[in-house]
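**Student:** got a predicted structure plus its sequence, pasted below:
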Amino acid sequence: MEYDKSRRSFIGKVSAGTIAYMAAYTMPVFARTTNDPDTLAILGGTPVRDRMKWPEWPYRNQQIIDNLTETTNSGIWSRVDSPHGRVASWEDDFKALIGTNYCVATGSGTQAISTCMFALGIGPGDEVITSPYTDMGTVSAILTCQALPVFADLDPDTYQLDPKEVELKITSRTKAILPVHILGAPCDMGSIMAIAKRHGLFVVEDAAQAHLATFRGQHVGTIGNLGCFSFQASKQIPCGEGGAVAGNDEKLMDTVYTVMNHGTARTAKKDWKGRVLGEHVTIGPKYRMNEFQAAVLQGQLSTIRKRFDKRMENGSYLTGLLKGFPGLTVQKKYEGTDSVAHYLFGMRYNKEYFDNIPRDLFLKAINAEGVGLTGYISNGLHREPWVDNIMERKVYNTMIGKQRMKEWRESMRNFPMCDKVCAEMAGLYAVGTLLGTKRDMDTIAEAVMKVYKNRDKLSKVKI
Ligand SMILES: Cc1ncc(COP(=O)(O)O)c(C=O)c1O
């Protein structure tokens, strides 16, 4: 099926197996109030996905349950209870998945980034350049070591940090660039690495949403000095809360381990059972992943790649379906992007094409049809109150200085491209959704088309 501009509709065949699929998934999405499939569901018609169910998320299987039982019975609940527990073997598993030499597991993605900041010696008086279009975890991690997060604006077509904007934000205090592979698509890592090299900066990749995505043949999270991942419940590889740092430099990754382990090195003395006795060689928080988190992750291991491939396949199919439809612009990918992890399937809503119906009303109408489009991040992080809160902190005023803090506050007002992306985003929650069938993908395009065709009626709805 593809959008036909001349007829202003999608054309093509309904996928084979539709009827069998619909029979198998009979949970009603929304209560039906009329039998009219042409009337918008928000106005009482039958939803496009009436009685259809999306694949469940977070992913679960019997192996996860068996692993949890085994870990419970083993009595090994923390990595300090055994050097051969599940956390240590998950680090090996994840290393193999993303092709890196070293991996250190953490309790969350935020902890992973925070660990990197400490391990690189970033602290009070230092600045780290990152994106305003991200989870607060990215920024919290910079704040934990009392460095100053400095934002650069986005490329509005990719929603990623614009490398030109990054270079403009470099000062003598800048220590690192923290690119965020937002929605699971790679940043322009070629340009970012070149800028870092020119200015002698570290690169810590926030790949919290981008497990297994590749750029110029390398997995994201393995291109910079260090890379960070999240295994939080909404992520592609979920365990409730969890994270990891990846890297190829042995010495640096040993430091990462020591920081994660409240300053206790891998080489610390152990007792006769292999339990660490403790030897706190440096300052570090305690950010350990526990054995139950790793048990859940290992229960998914054999099928992680299969789910990644399926999202890629459906993502390409959906891109094909929406091709040529000016109402929604699909997230652009940088040249060199080999694969995308699809945390969200990013799209920007072009209001003009929908007779200026507000984005949020469009989202409401699409959701009523059973398709979970979202505005995602409603405001860039530069618009959150922490920006003022930090101005009162003694450490920033002392270490950065009042003048620079004033300049910084001013600079935090002006990210027009980020504001545009926040205002126009109409992304599809993709982690579970893109594991659906071709018929499921067809219903997304059908719901969009239905709303488009009924835009005159929708424009009368008040939100
Ligand atoms: C881009 C990004 N960075 C960092 C984080 C923080 O990860 P966590 O929630 O595991 O602490 C998240 C999680 O939502 C994220 O999406």
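**Tutor:** All right, it came through fine.

**Student:** got any ranges where the stretch 1-150 of the chain has weak pLDDT?
**Tutor:** For the stretch 1-150 of the chain, the stretches flagged by pLDDT under 70 are 1-35.

**Student:** residues of it that sit close to the ligand?
**Tutor:** With C-beta under 6 Å from any ligand atom as the criterion, the stretch 1-150 of the chain comes near the ligand at residues 108-110, 134-135, 137-138. No exception for glycine: its C-beta is placed from N, CA and C like everyone else's.

**Student:** which PyMOL command selects the buried ones in these?
**Tutor:** Command for PyMOL that selects the buried part of those, burial taken from 16 or more other C-beta atoms under 10 Å:
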select buried, resi 108+109+110+134+135+137+138
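
**Student:** of the residues of the stretch 1-150 of the chain next to the ligand, closest to residue 348?
**Tutor:** The shortest approach to residue 348 among those belongs to residue 134, at 17.4 Å (C-beta to C-beta).

**Student:** tell me how many other residues crowd the nearest residue to the closest one once chain neighbours are set aside.
**Tutor:** Setting aside the residues directly before and after it, residue 134 is nearest to residue 180 in space (C-beta to C-beta, 6 or more residues apart in numbering), at 4.5 Å. Using other C-beta atoms under 10 Å, residue 180 has 25 neighbouring residues.

**Student:** check the one 4 residues further on too.
**Tutor:** The criterion is other C-beta under 10 Å. On that basis, residue 184 has 29 neighbouring residues.

**Student:** distance of it relative to residue 299?
**Tutor:** 22 Å (C-beta to C-beta, to the nearest Å).

**Student:** also residue 447?
**Tutor:** From residue 447 to residue 299 the distance is 34 Å (C-beta to C-beta).

**Student:** packing partners for the one helix or strand residue 194 maps to?
**Tutor:** Using DSSP states H and E, residue 194 maps to helix 189-199. Judged by 3 or more C-beta pairs under 8 Å, 6 or more residues apart in numbering; DSSP states H and E, the packing partners of helix 189-199 are helix 163-168, strand 174-178, strand 202-206.

**Student:** helices of the stretch 101-250 of the chain, start to end?
**Tutor:** 109-119, 136-144, 163-168, 189-199, 250-260 (DSSP state H, counting those that start in this stretch).

**Student:** buried set for the shortest one?
**Tutor:** The reference is to helix 163-168. Buried, per 16+ other C-beta under 10 Å, within helix 163-168: 163, 165-167.

**Student:** picking that back up, can I get the helix holding residue 194 in CSV, CA atoms only?
**Tutor:** C-alpha atoms of helix 189-199 as CSV (Å, rounded to 0.1, in the frame of the first residue of the first chain):
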residue,chain,number,x,y,z
MET,A,189,28.6,10.5,14.4
GLY,A,190,31.1,11.3,11.6
SER,A,191,30.8,15.1,12.2
ILE,A,192,30.6,14.8,16.0
MET,A,193,33.7,12.7,16.3
ALA,A,194,35.5,15.1,13.9
ILE,A,195,34.5,18.1,16.1
ALA,A,196,35.6,16.3,19.3
LYS,A,197,39.0,15.5,17.7
ARG,A,198,39.5,19.1,16.6
HIS,A,199,38.8,20.4,20.1
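
**Student:** so how far is it off the chain centroid?
**Tutor:** 22 Å (C-alpha atoms, centre = their mean, to the nearest Å).

**Student:** again, but for stretch 114-133
**Tutor:** So, by C-alpha atoms, centre = their mean, the centroid of stretch 114-133 is 19 Å from its chain's centroid.

**Student:** give me the distance between the two termini of that stretch.
**Tutor:** Using C-alpha to C-alpha, to the nearest Å, one end of stretch 114-133 lies 18 Å from the other.

**Student:** and that stretch, which residues are buried?
**Tutor:** 114-120, 122, 125-133.

**Student:** coming back round to it: for the residue nearest to residue 134, give me its contacts.
**Tutor:** Residues near residue 180 by C-beta atoms under 8 Å, 6 or more residues apart in numbering: 130-131, 133-134, 138, 160-161, 187, 206, 208-209.

**Student:** how about 10 Å then?
**Tutor:** Residues in contact with residue 180 (C-beta atoms under 10 Å, 6 or more residues apart in numbering) are 113, 130-135, 137-138, 159-161, 187, 205-210, 228.

**Student:** the closest residue to the ligand within the stretch 351-463 of the chain and residue 110, how far apart?
**Tutor:** When scored by C-beta to the nearest ligand atom, the stretch 351-463 of the chain has residue 377 as its residue closest to the ligand, at 9.6 Å. Remark: distance between residue 377 and residue 110 (C-beta to C-beta) = 16 Å.

**Student:** before we move on, the earlier item: looking at the helices of the stretch 101-250 of the chain, spot the one closest to residue 92.
**Tutor:** With C-beta to C-beta as the measure, helix 250-260 is the member of the helices of the stretch 101-250 of the chain nearest residue 92 (13.4 Å).

**Student:** that closest one packs against which elements?
**Tutor:** Here helix 250-260 touches strand 102-106, helix 109-119, strand 226-230, strand 243-247, going by 3 or more C-beta pairs under 10 Å, 6 or more residues apart in numbering; DSSP states H and E.

**Student:** show the pLDDT at the residue nearest to residue 134.
**Tutor:** Note on residue 180: pLDDT of 98.

**Student:** show me the beta-bridge partners of it.
**Tutor:** residue 206 (DSSP bridges).

**Student:** would you mind measuring from it to residue 186?
**Tutor:** Residue 180 is 11 Å from residue 186, by C-beta to C-beta.

**Student:** so what's in contact with these two at the same time?
**Tutor:** Contacts common to residue 180 and residue 186, judged by C-beta under 10 Å, 6+ apart, are 160, 205, 207, 210.

**Student:** I'd like to know how many residues surround the spatially closest residue to the third one that is not a sequence neighbour.
**Tutor:** Spatially, and ignoring its direct neighbours in sequence, residue 207 is nearest to residue 221 (3.5 Å; C-beta to C-beta, 6+ apart). The number of residues packed around residue 221, counting by other C-beta under 10 Å, is 31.

**Student:** got the contact list for residue 221?
**Tutor:** Contacts of residue 221 by C-beta under 10 Å, 6+ apart are 94, 98-100, 103, 112, 181, 186, 204-208, 210-213, 227-229, 244-247.

**Student:** filter those residues to the buried ones?
**Tutor:** 94, 98, 100, 103, 112, 181, 186, 204-208, 210-213, 227-229, 244-247.

**Student:** many thanks, have a good one.
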